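# the amino acid sequence is not available; the structure is as follows:
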């Protein structure tokens with residue numbers, strides 16, 4: 001991500017996020033950065049924002065019931 005940012009900074013979507021926040025969020029919380037990009041470019045009332053928000057919630061809470069079931073059966 002850092003190499004991409006340094007070589008092609010003009011290819012990042014237009015946004016008001018500072019450059020240092022682009023890098024930090026891209027490394028540590030990329031799903032939140034994608035949500036910021038979608039919100040700033042397309043708004044919150046579209047399917048992509050909702051889909052990424054739902055996936056982010058599932059990912060940070062540990063997944064769906066099926067994922068938890070598979071983890072328990074593997075242990």
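All right, it came through fine. Computed from a predicted model, the values in this text were never measured in an experiment.
# skip the chain neighbours and tell me the closest residue to residue 49.
residue 38 (4.8 Å; C-beta to C-beta, 6 or more residues apart in numbering). Placement of C-beta: from N, CA and C, glycine included.
# let me fix that: residue 36
Nearest residue to residue 36, sequence neighbours excluded (C-beta to C-beta, 6+ apart): residue 17, at 5.9 Å.
# gap between the residue nearest to residue 49 and residue 71?
Distance, residue 38 to residue 71, by C-beta to C-beta, to the nearest Å: 30 Å.
# the more surrounded of the two?
Counted by other C-beta atoms under 10 Å, residue 38 and residue 71 do not tie: residue 38 has more neighbours, with 19 against 11.
# so residue 39 makes contact with residue 48?
No: counting by C-beta atoms under 8 Å, residue 39 does not reach residue 48; the two are 10.0 Å apart.
# ok, the residue nearest to residue 49 - contacts?
The contact partners of residue 38, taken as C-beta atoms under 8 Å, 6 or more residues apart in numbering, are 44, 46, 48-49, 52.
# could you look up the SS state of it?
Judged by DSSP: H, G, I helix; E, B strand; the rest coil, the three-state class of residue 38 is helix.
# what about this protein, any weak spots by pLDDT?
Along the chain, the parts satisfying pLDDT under 70 run over 1-6, 9-12, 63-64, 67-68, 74-75.
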